[in-house]
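Asks: for reference, the sequence and a predicted model appear below.
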2 protein chains.
Amino acid sequence: MLAQEGKPPSGDEDRVSLWERLDRPAPAPRVTLTPERIATAAVGIADAEGIDAVTMRRLATELGVAPMAAYRYVSGKDELLELMVDFVYAELKLPDGDADWREALRTLALRIREVLLTHPWVARVSWGAPTPHQLAVPESALAALDGVGLDADTAMAVCTTVTAYVHGAVDLEIGQTRMLRVRGWSSREEARSGLASQMAWLMNTGRYPKYNRYIGEATRKDDLQWQFETGLDCVLDGIAARLGV
Amino acid sequence: MLAQEGKPPSGDEDRVSLWERLDRPAPAPRVTLTPERIATAAVGIADAEGIDAVTMRRLATELGVAPMAAYRYVSGKDELLELMVDFVYAELKLPDGDADWREALRTLALRIREVLLTHPWVARVSWGAPTPHQLAVPESALAALDGVGLDADTAMAVCTTVTAYVHGAVDLEIGQTRMLRVRGWSSREEARSGLASQMAWLMNTGRYPKYNRYIGEATRKDDLQWQFETGLDCVLDGIAARLGV
DNA sequence: TCGTCTCTGATACGTTGTACACAAGGCGTC
DNA sequence: GACGCCTTGTGTACAACGTATCAGAGACGA
């Protein structure tokens, strides 16, 4: 489990950060392990079998190495997860700089969604200090917003807003999708009927009349892409209004 | 760890759900444990020491009971977490029905944020099928949107959008806040200087010029409430535009 | 009073993250 | 070429976790 809340300040405050270490040129002699190999293996496991399958032992097995070997490169499982997240964000293709702000933010959002859906475990792991490749996202967004006349605070708030929406929306989406997969239902139709029996009792309590009705009337329940884009366009419309367009 | 991805369909599909079980009137004779007592204790631990401190053993100790006792009420740790989340959402005060849609959605969002900030672990735990008290949120939102002339799909998308933004934004906020607390810095000023040494290397790479500049120019970096409301108003503006107002 | 049903206790197993001490191999210096 | 050192990987070990299983204890209908 991840160390968090209660963890005491760890004594050696000025320990060199993961990223600074990685950036140092020559790793060393006789390296069979590298951060890249570790990240690739770990991400592979997570993609194939879920984040819970990523244990230090399993990772070691995959790398053909002793359980403790990876600890030379990451200080613990927390840093391994950071490394994995950064590795995934590295594959994010940033929009080129000559689009207008709205187009840039829009494709950025859509691409982040794609990456997160490809590696669903990332959405539930990334927190705390941003990794280098994560930082490239606000950098790119701010570049797109530069020169449209926003003060620094508003520009940053806009970035945060879009990021927040994307993460929140994809998170909901993933939760929904996984809920279906966990139960071994392949199609959404099969899933709905299976889920129905679980939800049926809740609905029959009569406590959620509107929800029940709207669910019944909705016809694009399965079009997650449309739902995402609709919400995204709402957010962008709101931002545009703030820009006085 | 939570069961997820790989978990096979669990044989007894029609096992009665947690919520249906809880709703059955008389628990039984000689109850020293109740779902309420379990939830209260677990939430107390999580609030005080973080979600990782919530172990079945610790919970049992807190309840003055054997480690396995709670398993009579929840089928495993997953259900315990569901129970905790529902317990927290129960304290959410829903807006009354006579406000206009915008006011209703706005106060709903602000109240969810408050609840999530009070119990930061909830944001990183709630997924999958909604709990009864979670379902009250879309119910309330749809009630507010009822009669303003949205088709069912758009109404649901609007609900999802607001929920996504709130969860995403609070999640970022919590990550930020915790990053500070973990390192034992009390004030944000102290934190920034401490964090600076970590970020300094990244910034000195020169890879994030815009980010670096905007961070320097921003003056409301610490006003998380303003940031949240700014983003929320963007989202609501976008929705209003969609309503043709 | 007794059987039965429900709730709780005790014990135990397999898995996890990781601390610690040690071995093996490449490089600079003589 | 030999030596010592520093980096990298190994082996072993431990505490804590989730939870399966079974035995015991208390209350209730008969």
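Replies: Arrived safely.

Asks: quick one: pLDDT of the spatially closest residue to residue A:119 that is not a sequence neighbour?
Replies: Take residue A:119 and drop its neighbours on the chain: the residue closest to it by C-beta to C-beta, 6 or more residues apart in numbering or on different chains is residue A:88, 4.9 Å away. Every residue, glycine included, has its C-beta placed from N, CA and C. pLDDT, residue A:88: 98.

Asks: helix or strand: which one has residue A:88?
Replies: Counting by DSSP states H and E, the element that carries residue A:88 is helix A:77-89.

Asks: tell me who's in contact with the residue nearest to residue A:119.
Replies: Shown in contact with residue A:88 (C-beta atoms under 8 Å, 6 or more residues apart in numbering or on different chains): A:43, A:115, A:119, A:122.

Asks: that older thread, does any bit of the helix holding residue A:88 sit next to DNA strand D?
Replies: No - with C-beta under 7 Å from any atom of the strand as the criterion, DNA strand D is not reached by helix A:77-89; the gap is at least 13.1 Å.

Asks: which SSE is residue A:239 in?
Replies: Going by DSSP H and E, residue A:239 is in helix A:224-242.

Asks: residues near the residue nearest to residue A:173 when sequence neighbours are not counted, how many?
Replies: Leaving aside its sequence neighbours, residue A:173 sits nearest to residue A:224 (C-beta to C-beta, 6+ apart; 5.5 Å). Each residue near residue A:224 was counted by other C-beta atoms under 10 Å in any protein chain shown, and the total is 19.

Asks: mind listing what the residue lying closest to residue A:83 once chain neighbours are set aside touches?
Replies: Using C-beta to C-beta, 6+ apart and skipping the chain neighbours, the partner closest in space to residue A:83 is residue A:39 (5.1 Å). Neighbouring residues of residue A:39 by C-beta under 8 Å, 6+ apart: A:83, A:84, A:86, A:87.

Asks: pick out the most distant pair among the residues you listed.
Replies: Farthest pair in the contacts of residue A:39 (C-beta to C-beta) is A:84 and A:86. Separation: 7.3 Å.

Asks: more neighbours: which of the two?
Replies: residue A:84 (27 against 21).

Asks: quick check: the residue most central in space within chain A vs residue A:168, distance?
Replies: Central residue of chain A (C-alpha atoms, centre = their mean): residue A:123, 3.1 Å from the mean position. Distance of residue A:123 to residue A:168, given as C-beta to C-beta, to the nearest Å: 9 Å.

Asks: quick revisit: give me the secondary structure label for the residue nearest to residue A:83.
Replies: helix (DSSP: H, G, I helix; E, B strand; the rest coil).

Asks: longest single helix anywhere in chain A?
Replies: helix A:152-182 (DSSP state H).

Asks: and that helix, which residues are buried?
Replies: A:152-176, A:178-182 (16 or more other C-beta atoms under 10 Å in any protein chain shown).

Asks: check stretch A:61-69 too.
Replies: A:62, A:63, A:65, A:69.

Asks: and residue A:37, how many neighbours?
Replies: 16.

Asks: got the domain boundaries for chain A?
Replies: Domain assignment for chain A by automatic domain parsing gives A:18-89, A:101-242.

Asks: out of those, indicate the one that is most buried.
Replies: Most buried of these by mean neighbour count (mean count of other C-beta atoms under 10 Å in any protein chain shown) is domain A:101-242; its value is a mean of 19.

Asks: where does chain A have low pLDDT?
Replies: The model of chain A has pLDDT under 70 over residues A:1-15, A:23-30, A:181-197, A:245.

Asks: distance of the residue nearest to residue A:83 from DNA strand C?
Replies: Shown here: residue A:39 relative to DNA strand C, a distance of 16 Å by C-beta to the nearest atom of the strand, to the nearest Å.

Asks: same deal with residue A:162?
Replies: For residue A:162, the distance to DNA strand C - C-beta to the nearest atom of the strand - is 33 Å.

Asks: how near is that residue to DNA strand D?
Replies: Taken as C-beta to the nearest atom of the strand, the span from residue A:162 to DNA strand D is 36 Å.

Asks: residue A:50 too?
Replies: Counting by C-beta to the nearest atom of the strand, the gap from residue A:50 to DNA strand D is 15 Å.

Asks: in contact with residue A:85: list those residues for me.
Replies: Taking C-beta under 8 Å, 6+ apart, one finds A:122, A:125, A:126, A:131, A:134 in contact with residue A:85.

Asks: just residue A:211 next, same as before
Replies: B:135, B:138, B:139, B:142 are the contacts of residue A:211 under C-beta under 8 Å, 6+ apart.

Asks: from residue A:202, how far off is the residue nearest to the first one when sequence neighbours are not counted?
Replies: The one in question is residue B:135. Using C-beta to C-beta, 6+ apart and skipping the chain neighbours, the partner closest in space to residue B:135 is residue A:208 (5.5 Å). Relative to residue A:202, residue A:208 is positioned 7 Å away (criterion: C-beta to C-beta).

Asks: can you check residue A:160 too?
Replies: From residue A:160 to residue A:202 the distance is 34 Å (C-beta to C-beta).

Asks: next one: phi and psi at the closest residue to residue A:85 other than its chain neighbours?
Replies: Excluding its sequence neighbours, the residue lying closest to residue A:85 (C-beta to C-beta, 6+ apart) is residue A:126, at 4.8 Å. Dihedral pair for residue A:126: phi -80, psi 120, per degrees, to the nearest 10.

Asks: would you check that residue A:126 makes contact with residue A:134?
Replies: Yes - using C-beta atoms under 8 Å, residue A:126 is in contact with residue A:134, at 7.0 Å.
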